[in-house]
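In: sequence first, predicted coordinates after that:
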Amino acid sequence: MAQSPKKPAKSKKASSAKSAQSDAEFVLHSLQDAHEKSPRYDASEEEMMQFYEQMLLIRRFEEKAGQLYGLGLIGGFCHLYIGQEAVAIGLQSALDNDRDSVITGYRDHGHMLAYGIDPNVIMAELTGRQAGISKGKGGSMHMFSTEHKFYGGHGIVGAQVSLGGGLALAHKYKDDGGLCLAYFGDGAANQGQVYETFNMASLWQLPIVFVIENNGYAMGTAVKRSSAETEFHRRGTAFRIPGMDVNGMDVLEVRNAAEIAFKHVRENGGPVLIECNTYRYRGHSMSDPAKYRSREEVQEKRDHHDPIEGLKKALIDGGKSEADLKAIDKAIRARVAEAADFSESSPEPEPQELYTDVLVENY
Amino acid sequence: MAVELKMPALSPTMEEGTLAKWLKQEGDLVQPGDIIAEIETDKATMEFEAIDEGTLGKIMVEEGTENIAVGTVIAMLMGEGEEADDVPAPAAAAEENATSDPAPGEGKDVGRDEPGGISVPEKPQSQPKSDPTIPEGTSFTSTSVREALRDGMAEEMRRDDRVFVMGEEVAEYQGAYKVTQGLLDEFGPKRVIDTPITEYGFAGIGTGAAMGGLRPIVEFMTFNFAMQAIDHIINSAAKTNYMSGGQMRCPVVFRGPNGAASRVGAQHSQNYGPWYASVPGLVVIAPYDAADAKGLMKAAIRSEDPVVFLENELVYGRSFDVPDLDDHVLPIGKARIMREGSDVTIVSYSIGVGLSLEAADELAGQGIDAEVIDLRTLRPLDTQTILDSLAKTNRLVIAEEGWPVCSIASEVIAVCMEQGFDHLDAPVLRVCNEDVPLPYAANLEKIALIDAPRIVEAVKKVCYKD
């Protein structure tokens, strides 16, 4: 847009090899330094309980979705977020929901639940019912809530990154103070349009936080088999985008990174790239042969890095009783069971819905 | 309470599978997330995870059993204080949600092949609006198509500050084909944005900005380069309103020159009208003259829907009368009768309209009175105007500067066959470019592209005058 990016005044080409230090405004590493200095968000007990409940809701919701899929009530593609809960909760809990927007790919149930959107309408979308948030016409991968500034729910790997760039451009154009949080995976990180967007976002200083949810596998292809640079937080370097390397299995670390990144974007305007290192316990989608990784690897993550168990331990160490937490789990299970019942008993869309919403206007 | 564990499906098409292995045994304590069993089909293996906590009760299907229907109860999970024997074991038969179809294997498209067939609801029809009447005494100014497009954009930018233009060379260079000339001076760099050469990326950014509440006009230097961006035009812009149940609007205009230019070779010479016109969720406009270019550009920018606006480089410099009105907006989806006639109908759009008018003049000299229709909008297609004209003339030719296969011409022919058959006195003919990549050599290019003599020839054929 109008302003040019912050650049050193001197021509770059003319000077010879130049260290990062000589480029005073090149803040590539400063956010990571700040994060490493104090990597965990100092959450109040109330906040920790909230994170716990939200992550557990995602976990139980997704388990139920997997079950309904197995029963044939959910069709098509269904990508579960189990294991990655800390990423959406850590980041979205730091948003200013009056201003900021969120966009993601097809593994989107958790990001919707993180907004507190009614589990009934999400589950009913999964079962393809009229009461679903997209009237049953979107399905698992295509859910939106413009009311919450949640812009989907996109099925083409990487498309949400440039669409997110557009949302950020709209924030800047309208000068509404908002930022866009654009999630994508380690697989999408190899798409060309991601770098086209990095370039324009940095060139135009768009208020956007790119989040790579690195769960280790693009479908069944491990990152080291697909990516020449597996340290994804470095991938903004060529575009002068500061990167952050974050433990995505710890909600407090993610939240901490969000605080630093959002502050930087709001104060400086330009983009930030966060890599959240996480892990999905389930297959890429429901029909996953699970032949590309060992059961031991999955079990190790579950046993030693689970974001919910980790927070649970912190809560118990902080004085919460096991019984209290069990009661929360019970209530969440009941809530999810209600959503499942709702999604099974709601009617399918009326046949006439076939023709609605193709175009907005009549011509 | 005891929970029935049922044979799960790995995919919507799976009907049965093999219980490869039990990883828990009767009496084992099971936590949510524990893997109880492994299920296999010929395509994949799935780990069957526990959702609920409990003790594994009776195992009803032994490991190694093949062809177990989806939904069959394979084991019971006991809650606290329950014993396996307390719970009556259900019959080992498949549950009601399992298929009763005995045919083995996958491949059945569940939910589609209903025995009685599916009744498709009636598709709602809409009636396109007519052009507004131009008040008597209105003056006209001869304006080039290039200027008319720019004027249309500028007027809308003055009217609505959400409207902005982005694309390659649209600002400081004043437009690669000078369509955006002067816009930077009037509206400044915030609203007239030069992009890097990165069509996929900026088409996505434009689409996202529309989703975020702005009214972007995304210029492609030519539509040939929009092939790099077609994913966003179709998958992101056209489908999102539908996929979101009507929540997500995407009021973006993708515009630029389309079709063959002059001696620029195969990669820079292609008509994408049929491509975009085949996509539900898009509006596709391809005007010919300056007044239509301006009026439809304004309508496109105001539309709540994503619009593909196809211009033509060879027409940019031609001048036509444009009414001197403060707000000349034309209806989308309405064809225009450019020349009335009674013997035969020539349907065309974009640059083909000029050739058709030229052909009509020639035909008039030979005693054939041709009606010429400019479709103006390719989607939604104004079939009524075509059919009304056909009912009058009983003969029809389509002239299209583009390939013949799967073209707008093919579509118009289908419409005539389906809805106008009784009015036809001759087969409908199409006059299209030759079915080859456009050659560079001047003589070959000339042979490959449509021209007025070929339209004349086709018209004489349907009039049985050849």
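Out: Great, that's in hand. Numbers count the residues shown, from 1 in each chain, chains lettered A, B, ... in the order given.
In: buried sites along the helix or strand where B:Cys416 lies?
Out: B:Cys416 belongs to helix B:408-419 when assigned by DSSP states H and E. Within helix B:408-419, the residues that count as buried by 16 or more other CB atoms under 10 Å in any protein chain shown are B:Ile408, B:Ala409, B:Ser410, B:Glu411, B:Val412, B:Ile413, B:Val415, B:Cys416. Where C-beta positions appear, they are placed from N, C-alpha and C, glycine not excepted.
In: let's see it as PDB, backbone CA atoms only.
Out: What follows is helix B:408-419, C-alpha atoms only, in PDB (Å, rounded to 0.1, in the frame of the first residue of the first chain):
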ATOM      1  CA  ILE B 408     -20.200 -20.400 -25.300                       C
ATOM      2  CA  ALA B 409     -21.300 -21.400 -28.800                       C
ATOM      3  CA  SER B 410     -21.800 -25.000 -27.700                       C
ATOM      4  CA  GLU B 411     -23.900 -23.800 -24.800                       C
ATOM      5  CA  VAL B 412     -26.100 -21.600 -27.000                       C
ATOM      6  CA  ILE B 413     -26.600 -24.500 -29.300                       C
ATOM      7  CA  ALA B 414     -27.600 -26.700 -26.400                       C
ATOM      8  CA  VAL B 415     -30.100 -24.100 -25.300                       C
ATOM      9  CA  CYS B 416     -31.600 -23.900 -28.800                       C
ATOM     10  CA  MET B 417     -31.900 -27.700 -28.900                       C
ATOM     11  CA  GLU B 418     -33.500 -28.000 -25.500                       C
ATOM     12  CA  GLN B 419     -35.800 -25.000 -25.500                       C
END
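In: which non-adjacent residue is nearest B:His268?
Out: B:Asn224 (5.3 Å; CB to CB, 6 or more residues apart in numbering or on different chains).
In: for that neighbour, grab the count of nearby residues.
Out: Per other CB atoms under 10 Å in any protein chain shown, the neighbour tally for B:Asn224 reads 21.
In: contact partners for it?
Out: Counting by CB atoms under 8 Å, 6 or more residues apart in numbering or on different chains, B:Asn224 touches B:Gln267, B:His268, B:Ser269, B:Gln270.
In: one more pass at 7 Å, please.
Out: By CB atoms under 7 Å, 6 or more residues apart in numbering or on different chains, the contact set of B:Asn224 is B:Gln267, B:His268, B:Gln270.
In: closest to A:Gly152 among those?
Out: B:Gln270 (31.2 Å; CB to CB).
In: the residue of the stretch 251-363 of chain A found nearest chain B: neighbour count?
Out: In the stretch 251-363 of chain A, the residue found nearest to chain B is A:Tyr363; the distance is 3.3 Å by CB to the nearest CB. A:Tyr363 has 19 neighbouring residues, counting by other CB under 10 Å.
In: also B:Asn433?
Out: Neighbour number of B:Asn433 under other CB under 10 Å is 21.
In: tell me which parts of the stretch 101-250 of chain A are close to chain B?
Out: A:101, A:134-135, A:137-138, A:142, A:144, A:146, A:151-152, A:156, A:159, A:162-167, A:169-170, A:173, A:192-193, A:196-197, A:199-200 (CB under 7 Å from any CB of the partner chain).
In: rerun at 6 Å
Out: Contact residues (CB under 6 Å from any CB of the partner chain) of the stretch 101-250 of chain A with chain B: A:134-135, A:137-138, A:142, A:144, A:146, A:151, A:156, A:159, A:162-163, A:165-167, A:169-170, A:173, A:193, A:196-197.
In: filter those down to the ones in strands?
Out: Judged by DSSP state E, these include A:Tyr151 as members of strands.
In: show only the entries of the residues of the stretch 101-250 of chain A next to chain B found in helices.
Out: The helices, defined by DSSP state H, take in A:Ala159, A:Ser162, A:Leu163, A:Gly165, A:Gly166, A:Leu167, A:Leu169, A:Ala170, A:Tyr173, A:Gln193, A:Glu196, A:Thr197 from these.
In: now rank these by neighbours and give me the top one.
Out: A:Gly166 (36 neighbours).
In: that one contacts B:Gly213, doesn't it?
Out: No - counting by CB atoms under 6 Å, A:Gly166 does not reach B:Gly213; the two are 10.4 Å apart.
In: who's in contact with the closest residue to A:Met143 other than its chain neighbours?
Out: Distances taken as CB to CB, 6+ apart put A:Gly153 closest to A:Met143, at 4.4 Å, once the chain neighbours are dropped. Contacts of A:Gly153 were listed using CB atoms under 6 Å, 6 or more residues apart in numbering or on different chains, and they are A:Asp108, A:His142, A:Met143, A:Phe144.
In: and of those, the nearest to A:Lys312?
Out: Nearest member of the contacts of A:Gly153 to A:Lys312, counting by CB to CB, is A:Asp108, at 25.3 Å.
In: and the gap between the closest one and A:Ser140?
Out: The gap separating A:Asp108 from A:Ser140 is 8 Å, by CB to CB, to the nearest Å.
In: next up, the contacts around the residue of the stretch 351-466 of chain B found nearest chain A.
Out: When distances are taken as CB to the nearest CB, the stretch 351-466 of chain B reaches nearest to chain A at B:Pro380, 5.3 Å away. B:Pro380 sits next to A:Tyr363, B:Gly333 when contact means CB under 6 Å, 6+ apart.
In: where does chain B dip in pLDDT?
Out: B:1, B:12, B:33, B:81-116 (pLDDT under 70).
In: any idea how far apart the tips of stretch A:345-363 sit?
Out: 37 Å (CA to CA, to the nearest Å).
In: and it, how far from the chain's centre?
Out: 29 Å (CA atoms, centre = their mean, to the nearest Å).
In: contacts for that stretch next, please.
Out: Under CB under 6 Å, 6+ apart, the answer for stretch A:345-363 is A:124, A:129-131, A:135-136, B:121, B:123-124, B:126, B:128, B:241-242, B:246, B:280-281, B:304-305, B:332-333, B:380.
In: tell me where the stretch 101-250 of chain B has helices.
Out: B:145-159, B:183-187, B:199-211, B:230-231, B:240-243 (DSSP state H, counting those that start in this stretch).
In: which part of chain A gets nearest to chain B, residue-wise?
Out: A:Gly166 (2.1 Å).
In: got a list of what that residue touches?
Out: B:Ile205, B:Thr207, B:Gly208, B:Ala209.
In: and the pLDDT for the residue lying closest to A:Ala290 once chain neighbours are set aside?
Out: Spatially, and ignoring its direct neighbours in sequence, A:Ala290 is nearest to A:Gly283 (5.7 Å; CB to CB, 6+ apart). Turning to A:Gly283, the model gives it a pLDDT of 87.
In: can you put the buried residues of helix B:408-419 in a markdown table and add distance to B:Thr18?
Out: A markdown table is the format used below for the buried residues of helix B:408-419 (distance: CB to CB, whole Å):
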| residue | distance to B:Thr18 |
| --- | --- |
| B:Ile408 | 52 |
| B:Ala409 | 54 |
| B:Ser410 | 49 |
| B:Glu411 | 49 |
| B:Val412 | 54 |
| B:Ile413 | 52 |
| B:Val415 | 52 |
| B:Cys416 | 55 |
